[in-house]
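Undergrad: Give me a model of this one.
(chains A and B)
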There are 2 protein chains.
Amino acid sequence: MSGERIIYLPLGGAGEIGMNCYVYGYGRPGEEELIVVDIGVTFPDMETTPGVDLIFPDITWLKERRDRIRGIFVTHAHEDHVGAVAHHWQALGAPVYARAFTANIARRKFEEQGLPVETVRTVSAWPETVDAGPFTVGFAPISHSIPESSGLVIDVGGERLVHSGDFKIDVTPVVGEPFDREMWSEIGKRGVRALICDSTNVFSTHEGRSEATVGPEIEKLLSESKSLVVATTFASNVARLKTLAEAGRNAGRSIVLLGRAMRRMIEAAVETGVLKDFPTTVPVEEAGSIPRENLMLLVTGSQGERRAASAQLARGKHHGIELADGDLFLFSSKTIPGNEKPVIRIMNMLSEKGVDVVDDSSGRYHVSGHANRPDLEAMHEILDPAVVVPNHGEHRHLREHVKLAQSRGRKGMLAVNGTMISLSGNAPEVVDYVETGRTYLDGSVQVGAMDGVIRDRIRMALNGHATVTLVLDEDDEALGDPWVDTMGLPETGRSRQPVIEVLEEALAAAMTRAGKKTLRDDDALEETLRRALRNAAQDEIGRKPEVTVVISRLT
Amino acid sequence: MSGERIIYLPLGGAGEIGMNCYVYGYGRPGEEELIVVDIGVTFPDMETTPGVDLIFPDITWLKERRDRIRGIFVTHAHEDHVGAVAHHWQALGAPVYARAFTANIARRKFEEQGLPVETVRTVSAWPETVDAGPFTVGFAPISHSIPESSGLVIDVGGERLVHSGDFKIDVTPVVGEPFDREMWSEIGKRGVRALICDSTNVFSTHEGRSEATVGPEIEKLLSESKSLVVATTFASNVARLKTLAEAGRNAGRSIVLLGRAMRRMIEAAVETGVLKDFPTTVPVEEAGSIPRENLMLLVTGSQGERRAASAQLARGKHHGIELADGDLFLFSSKTIPGNEKPVIRIMNMLSEKGVDVVDDSSGRYHVSGHANRPDLEAMHEILDPAVVVPNHGEHRHLREHVKLAQSRGRKGMLAVNGTMISLSGNAPEVVDYVETGRTYLDGSVQVGAMDGVIRDRIRMALNGHATVTLVLDEDDEALGDPWVDTMGLPETGRSRQPVIEVLEEALAAAMTRAGKKTLRDDDALEETLRRALRNAAQDEIGRKPEVTVVISRLT
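TA: Numbering: from 1, shown residues only, chains lettered A, B, ... in the order given. Predicted structure coming up:
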């Protein structure tokens, strides 16, 4: 028995916000039985991943150990925790466990991918548990910004681990279970070997605010509005949607939901009994017949997403509704870093329509779903773990969270993606480093982040592209000069002649200089032409384009 | 005389933050003599302008009226006010006026472009004035975050206009002239027709803080550090650099300046007598011999710029200096919206090195250079203009600033880029709309924003690129099947065959189906091949690439 160990290995989410994926193992080194906690996505951007649709953790390490995976446990239904489960499931094949609401969302994703929905099994809340190989896992309700979030209580090898999942301490969360300090104390009593703990808000030093404090502020805001009100928030924040809808109803407004993601979340919440007493909504088709001052739209697109309802409304008529002077648009959400520009773009489009925009800058109309520093300290105290292992956060968050634990006399352990640590023995220790990374869903294909596909696209975006075509006869004689086509390059440069002509002249000159040997050798000829084009372009337009050289030989 | 009018026309900066460019005119409609205030740049991003080096306002309207331009007045030396003056100067040809520090910076830019530096004329502060056609213009010192910022007092056609330029009300600005309420009251006494006024901070409702409050906080922070300290801020914020350097010196540290832009600003400030008593600095070559706890680096790159000193230090050794556990890195700056991701990337790289990062989230180590709402209200009151015309701001800022003026019983006039308003008569009115836009400096070429060059690059970034090559003989018979080369596309897709083969098969099939007529017609054949490739790609990889078709006909 002494040869067995408990391991923890983050494959995503430790060293970044988003794309959570964690592995726990128990057994003899190299033979551990495994469970996976969350397999989430992160989102692409033009800067690093143009054209990519979604980003998944690279799970090569897990695939190679497929026969040892005993279960996949999903803490909650946010995309950065559940988003890649269906995409990666065929490679892993283990049963998926989640609470009802999360399972409902996960099953929709399995359905979309044509996968068996019965793979996703619904588990009731702690104290119910699931046995998965040597693991016994319970879903302990914890407050967050989506229904039925859970911390996992993982008993294995005689030890108890707690995986917090995303959480905050909120005793009045509007929808779902309040934070239950007593239950968590009880869980901690048995002795907790390690607390693997959410870190995203470790730099927020102030007390967290409860979801319940948002409602009165929104009611106040609505009471001042005499025209149409539109509000946006994260589609999954069912509690906020309820708060917004109730505020609207109390102000005598009919509620219209706009946006597929939002209707889907409400549907899942109602189906699973999580959401009760949601104000009656009105189909968007009826909105036109309701006076503006009696109407409230709840819409998707709080992050400025181009195709979401908020962007559509900002651009013009959407489902027959057009925003106008005196309307109010509320962002009941924070802007995720990186999304500032699209969000600001929408605010300005709304401003052009005369719409009054209210955002979260006052701190009144949104609260975070994550534990601020005081909440983290409280959680450490309640569970009193032998070691705190921060997860879900960038490097700076994890490091600060370790320092926070240490500042209060606790052990803290920094483990970024790929760091396998053993949680057995007196102190946790690093036992291996595993190669991790990202996989891109690109169109309908999964490509590796290091495959060079995206790198080439970025280079074309920065440098433009030129195609050089040359036809040679059987005797390696050129049939005419090389041709140039360009894409994403200016038409004229320094000399004011057409750029294509300038480049073709340079290629013709290079052909004249090229010896017989070069003309016979495709690689050498290609390199000669590429270099000649790039140098001529640098001289003419101050930029070296990406080049495709096509040499056709008649035979 | 009654036929003459005063006009105001923003060509940049009204409807955006950055790229300031404003025109004032006086004369009979369509014959106004003109002055230009500021010609600034804005900065490109991957999302909308990949590969672009700088963005200028489109000054076509001014070029067509070149003979009527009497002068170019530059309020201060920030890039978004002075950055495009040299690039656009040859098209305009008028003398450039600025105060000494701004003129020093402008002349460096003229020198770089090989333009006559004597074009830039130094003007002393108000009450000195410059006559430019019917205009008399004075540079009235106003506090901001760069030395010698000025509001312009523009007397024309018997009226006085005040163009605030970027400003805040700071009576203890550390470097340069304190805000002089008496002088501004005096200027206002004569009656101000219009105040054209900075709007960027109109949503900040709290009192602005003085530059002088930053020093004590930084001193406190430094006193706690026992290792190397690095601080970054905007290179042009000479007052902040002085504050930082003095705090360093007072803590017994030698000061090293890293980054060309920063050394250049200090140099200009010393040359023009603006900066006195700047602590002695040490060349970076000597830094290695100074104990870490006695060293402080002031570095460029507060916005996460990839090549700036802060990024270099975060990545590894730079000029022989390597950051290490226990060092302190201070961002004495705010992150401009859109730059969050690169800044956060640097913070995390620093965290990986064990460096403690302090940013502006506490509000202690940075103050804004722009007027908050109370400062704007004060400025309105001091000058008591007949109308407030907000400038420098996004649409939402301009609109809010108009509302602010109106809320206090003043006239406010919203004029975004291209809106020509007349400031003569009882009330300002829109007299024309002018086409405005942006010009990109792309490599060494200026291209229009609407030329399609950048659009093609963005499309290649999103969709990848494929080249199709086909050789036809004299009888319009294909010599072999079409070839495909790809860039930025995955190598395999749905069928697991090489993508290129799948695409070539589809093209071969299309060739078989193509009639004689199509084969004779380059355009039709090109379209046939393009469509066949895009459809096959959509099917195989879920994405339609950009396509270049090259048809070579042997003759």
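Undergrad: For B:Gly425, see how far away A:Arg457 is.
TA: Per CB to CB, to the nearest Å, A:Arg457 is found 55 Å from B:Gly425. C-beta here means a position set from N, CA and C on the backbone, and glycine is covered the same way.
Undergrad: What residues does the residue nearest to A:Val37 when sequence neighbours are not counted make contact with?
TA: Closest residue to A:Val37 apart from its sequence neighbours, by CB to CB, 6 or more residues apart in numbering or on different chains: A:Tyr22 at 4.4 Å. Residues in contact with A:Tyr22 (CB atoms under 8 Å, 6 or more residues apart in numbering or on different chains) are A:8-14, A:36-38, A:163, A:196, A:391.
Undergrad: Now do the buried residues in stretch A:92-103.
TA: Within stretch A:92-103, the residues that count as buried by 16 or more other CB atoms under 10 Å in any protein chain shown are A:Leu92, A:Ala94, A:Pro95, A:Val96, A:Tyr97, A:Ala98, A:Arg99, A:Ala100, A:Phe101, A:Thr102, A:Ala103.
Undergrad: Kindly report the same for stretch A:496-505.
TA: A:Val499, A:Ile500, A:Val502, A:Leu503, A:Glu504.
Undergrad: Now go through the residues you listed and say which are in helices.
TA: A:Val499, A:Ile500, A:Val502, A:Leu503, A:Glu504 (DSSP state H).
Undergrad: excluding its backbone neighbours, what's nearest the third one?
TA: Just to be clear, that refers to A:Val502. A:Val502's closest residue in space is A:Glu540 (CB to CB, 6+ apart), at 5.0 Å.
Undergrad: Next, count neighbours for the residue nearest to A:Ser368 when sequence neighbours are not counted.
TA: Once flanking residues are discounted, A:Ser368 sits nearest to A:Asn201: 6.0 Å by CB to CB, 6+ apart. Neighbour count for A:Asn201, taken as other CB atoms under 10 Å in any protein chain shown: 22.
Undergrad: Could you confirm A:Asn201 falls within a strand?
TA: No. Under DSSP: H, G, I helix; E, B strand; the rest coil, A:Asn201 falls outside any strand and is assigned coil.
Undergrad: isn't it right up against A:Gly369?
TA: No. A:Asn201 is beyond contact range of A:Gly369, at 9.0 Å (criterion: CB atoms under 8 Å).
Undergrad: so what's in contact with those two at the same time?
TA: What both A:Asn201 and A:Gly369 touch, as defined by CB under 8 Å, 6+ apart, is the set A:Lys168.
Undergrad: if we can go back for a sec, show only the entries of the buried residues of stretch A:92-103 found in helices.
TA: Per DSSP H, those map to helices at A:Leu92, A:Ala100, A:Phe101, A:Thr102, A:Ala103.
Undergrad: just the strands in the stretch 301-450 of chain A please.
TA: Secondary structure of the stretch 301-450 of chain A (DSSP state E, counting those that start in this stretch): strands at A:328-331, A:356-358, A:387-391, A:393-394, A:411-412, A:419-422, A:429-433, A:438-442, A:445-448.
Undergrad: Excluding sequence neighbours, find me the nearest residue to the residue of the stretch 101-250 of chain A found nearest chain B.
TA: Nearest residue of the stretch 101-250 of chain A to chain B, counting by CB to the nearest CB: A:Phe203, 6.9 Å away. Using CB to CB, 6+ apart and skipping residues adjacent in sequence, the residue nearest A:Phe203 is A:Glu400, 6.3 Å away.
Undergrad: how deep is the one you found tucked in, by neighbour count?
TA: For A:Glu400, using other CB under 10 Å, the count is 22.
Undergrad: A:Glu546 now?
TA: 23.
Undergrad: just checking, it touches A:Ile458?
TA: No. Applying CB under 8 Å as the test, A:Glu546 and A:Ile458 come out as separate, 10.1 Å apart.
Undergrad: contacting residues around the residue of the stretch 101-250 of chain A closest to chain B?
TA: A:Arg373, A:Arg396, A:His397, A:Glu400, B:Ser361.
Undergrad: about what we covered before: out of the strands of the stretch 301-450 of chain A, deepest packed?
TA: strand A:387-391 (a mean of 27; mean count of other CB atoms under 10 Å in any protein chain shown).
Undergrad: could you say what helices and strands that strand packs with?
TA: strand A:194-198, helix A:395-407, strand A:411-412 (3 or more CB pairs under 8 Å, 6 or more residues apart in numbering or on different chains; DSSP states H and E).
Undergrad: Deepest in the core, which of the ones you listed is it.
TA: Mean neighbour counts for the helices and strands packed on strand A:387-391 (mean count of other CB under 10 Å) peak at strand A:194-198, with a mean of 28.
Undergrad: can you give me the strands in the stretch 101-250 of chain A?
TA: Taking DSSP E, counting those that start in this stretch as the criterion, the stretch 101-250 of chain A carries its strands at A:120-122, A:129-132, A:135-141, A:150-156, A:159-163, A:194-198, A:229-232.
Undergrad: Kindly state the domain boundaries assigned to chain A.
TA: A:5-206+A:368-448, A:211-358, A:464-553 (automatic domain parsing).
Undergrad: Contact partners for A:His78?
TA: A:Gly40, A:Ile146, A:Asp166, A:Ser236.
Undergrad: hmm, back to that, put together JSON lines for the strands of the stretch 101-250 of chain A, with distance to A:Arg307 on each row.
TA: Formatted as JSON lines, the strands of the stretch 101-250 of chain A follow (distance: least, CB to CB, whole Å):
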{"stretch": "strand A:120-122", "distance to A:Arg307": "28"}
{"stretch": "strand A:129-132", "distance to A:Arg307": "38"}
{"stretch": "strand A:135-141", "distance to A:Arg307": "34"}
{"stretch": "strand A:150-156", "distance to A:Arg307": "31"}
{"stretch": "strand A:159-163", "distance to A:Arg307": "34"}
{"stretch": "strand A:194-198", "distance to A:Arg307": "30"}
{"stretch": "strand A:229-232", "distance to A:Arg307": "14"}
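Undergrad: Mean pLDDT and distance to chain B added to the ones you listed, as CSV?
TA: Formatted as CSV, these follow (pLDDT from 0 to 100; distance: least, CB to the nearest CB, whole Å):
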stretch, mean pLDDT, distance to chain B
strand A:120-122, 98, 25
strand A:129-132, 98, 33
strand A:135-141, 98, 31
strand A:150-156, 98, 26
strand A:159-163, 98, 23
strand A:194-198, 98, 18
strand A:229-232, 98, 16
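Undergrad: Looking at the ones you listed, which is nearest to B:Leu54?
TA: For the strands of the stretch 101-250 of chain A, the distance to B:Leu54 is smallest for strand A:229-232, at 34.4 Å, taking CB to CB.
Undergrad: which other helices and strands contact that closest one?
TA: Strand A:229-232 packs on helix A:238-250, strand A:295-299, helix A:309-315, strand A:328-331, going by 3+ CB pairs under 8 Å, 6+ apart.
Undergrad: which of the ones you listed is buried the deepest?
TA: Most buried among the helices and strands packed on strand A:229-232, counting by mean count of other CB under 10 Å: strand A:295-299, with a mean of 26.
Undergrad: per-residue confidence averaged over that strand?
TA: Averaging pLDDT along strand A:295-299 gives 98.
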